[in-house]
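J.: quick one, fold the following:
(one chain, ligands or ions: 1)
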Amino acid sequence: MSDLSVANTATSKAFDVKAIRQDFPILSQQVNGKPLVYLDNGASAQKPIAVLDAMDHYYREMHSNVHRGAHTLGDRATAAFEGARETVRSFLNARSTQEIIWTRGTTEAINLVANGLAPRLKAGDEILVSHMEHHANIVPWQMIAERTGAKVVPIQITPQGELDMESFNSLLNDRTRVLAITHASNVLGTINPVAEMVSQAKARGIITLLDGAQAVPHFQPDVQALDCDFYAFSSHKLFGPTGIGVLYGKTAMLEAMPPYQGGGEMIERVSFERTTWNVLPYKFEAGTPAIAEAVGLGAAIRYLNSFDREAMEAAEHALLERANQLVETVPGMTIIGTAKQKVPVMSFKIEGLHPSDIGTLLDQQGIAIRTGHHCAMPLMDFYGVPGTARASFAFYNTLDEVDQLFTALQKVQRLFT
Ligand code: C6P
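T.: Numbers count the residues shown, from 1 in each chain. As a prediction, the model looks like this:
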């Protein structure tokens, strides 16, 4: 194992990873007879006790339906639920809680926007995405394009896995109506220059959506500074529960869109002659919401806020740096995605090895990574690979775990040569 003293000293003042790991009970188990090394955080991150406790407390002490105003438990549940919305508002620096819509996740948030914008789109209009998008930020647009006659146009990327800004500039034109771009790539780790892109799009009156699924676990976005119209993310990648996510939308944008689903909660008044919609954010929240999950997400954000986020980012960066340094210790290993600005995600291939074999053999050694196309098939096509192996790090991972990954990869590589 490596000498960890340098990086640990550098980050220990504000950031004690050993203590942090105690907050995540799932991490201290054995898998296949080996201590678990969880490096699949990009797919879904683990949950701290603070989140587990908040949800447990909610169900034990205050569960009831929200916004019904009928009794004390209902009031408590509503306060906890709306309190979580305020926590998210503050996390994103949105102007108002009416701009924070609960969804099931990033996927539903993007579908909501795509459907909401459909009435404004017509044949010949263009929706600009990029070649590195997750399917969640391609397919909903394709479905809307099919309905409206609009066209989905991909911005090219460079071999390093950065957006080709010349391609972006050349594709912006009078027909461009929407720019929908990932803040950080789930495969390449690339952090895109979204502020600059939004600003250029705005100057042309183009509606902008940022997919923040892989960004928010690593840094805090400021939607007012970014000035995007929409920002989407999932709770489960942000150390919160599954089944809930967030769509931020500027008030004027949300006001101008029709509801996504019909039912209870989203109406003001219903009659067979005429039905009217509830105010924001409820207009987009049909049916009983995921109450405990909202509470859990609020707890996850408060947990993150209790740390020095810069120290956290530095610690994550040190993990990626360490991984980059060790690549040459595995013959035939190549990193896919070498952008200058990256979240701690490392996709790779090893000559002569199928990604799924790498994943299976690592799992036997207690190491969890993800393999496959990562719901980014156009990106796999760009690199001419069927899939990649991907280690995605979180702030609770250690340098020692990075070393264990590479020791295991060396073993896997030897087995096959
Ligand atoms: N990426 C991964 O392993 P949902 O499933 O709705 O929570 O998130 C979808 C999604 C959207 N955008 C990006 C950039 C994403 O990374 C994801 C989810 C996971 O990379 C599961 S495929």
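J.: so what's the gap between the one helix or strand A54 maps to and the chain middle?
T.: Here A54, judged by DSSP states H and E, is contained in helix 49-61. Taking C-alpha atoms, centre = their mean, to the nearest Å, one finds helix 49-61 lying 23 Å from the centre of the chain it belongs to.
J.: so after it, what's the next helix or strand?
T.: helix 72-92.
J.: that older thread, ok, and what's touching the helix holding A54?
T.: By C-beta atoms under 8 Å, 6 or more residues apart in numbering, the surrounding residues in contact with helix 49-61 are 23-25, 76-77, 80, 239-241, 291-293, 295-296, 298-300, 302-303. From N, CA and C alone the C-beta is placed, and that goes for glycine too.
J.: report the buried members of those.
T.: 23-24, 76-77, 80, 239-241, 291-293, 295-296, 298-300, 302-303 (16 or more other C-beta atoms under 10 Å).
J.: which ones among those residues map onto helices?
T.: Within these, residues falling in helices by DSSP state H are 76-77, 80, 291-293, 295-296, 298-300, 302-303.
J.: which one among those residues gets closest to the ligand?
T.: E293 (12.3 Å; C-beta to the nearest ligand atom).
J.: any idea how many residues pack against the closest residue to that closest one other than its chain neighbours?
T.: The shortest distance from E293 to any non-neighbouring residue, by C-beta to C-beta, 6 or more residues apart in numbering, is to I244 (3.8 Å). I244: 24 surrounding residues under other C-beta atoms under 10 Å.
J.: so what's I244 scoring on pLDDT?
T.: Per-residue pLDDT puts I244 at 98.
J.: might one say that it is in contact with A294?
T.: Yes: I244 lies in contact with A294 (C-beta atoms under 8 Å); the separation is 5.9 Å.
J.: what mean pLDDT does the helix holding A54 get?
T.: 98.
J.: mind listing what the one residue sitting closest to the centre of the chain touches?
T.: Against the mean C-alpha coordinate of the chain, by C-alpha atoms, centre = their mean, the closest residue is A213 at 1.3 Å. By C-beta under 8 Å, 6+ apart, the residues touching A213 are 106, 134, 136, 182, 186, 232-234, 237.
J.: name the nearest residue to E86, ignoring sequence neighbours.
T.: With C-beta to C-beta, 6+ apart, the residue lying closest to E86 is T97, at 5.6 Å.
J.: same check, this time on A123
T.: Nearest non-adjacent residue to A123 (C-beta to C-beta, 6+ apart): G149, at 3.0 Å.
J.: what residues does the stretch 101-250 of the chain put near the ligand?
T.: Residues of the stretch 101-250 of the chain found near the ligand (C-beta under 6 Å from any ligand atom) are 105-107, 134, 136-137, 182, 186, 211, 213-214, 234.
J.: which among those gets closest to G332?
T.: N186 (24.1 Å; C-beta to C-beta).
J.: contacts only, for the nearest residue to the closest one once chain neighbours are set aside.
T.: Sequence neighbours aside, Q214 is the residue nearest to N186 in space, at 4.8 Å (criterion: C-beta to C-beta, 6+ apart). Going by C-beta under 8 Å, 6+ apart, Q214 touches 42, 182-186, 189, 237, 343, 345.
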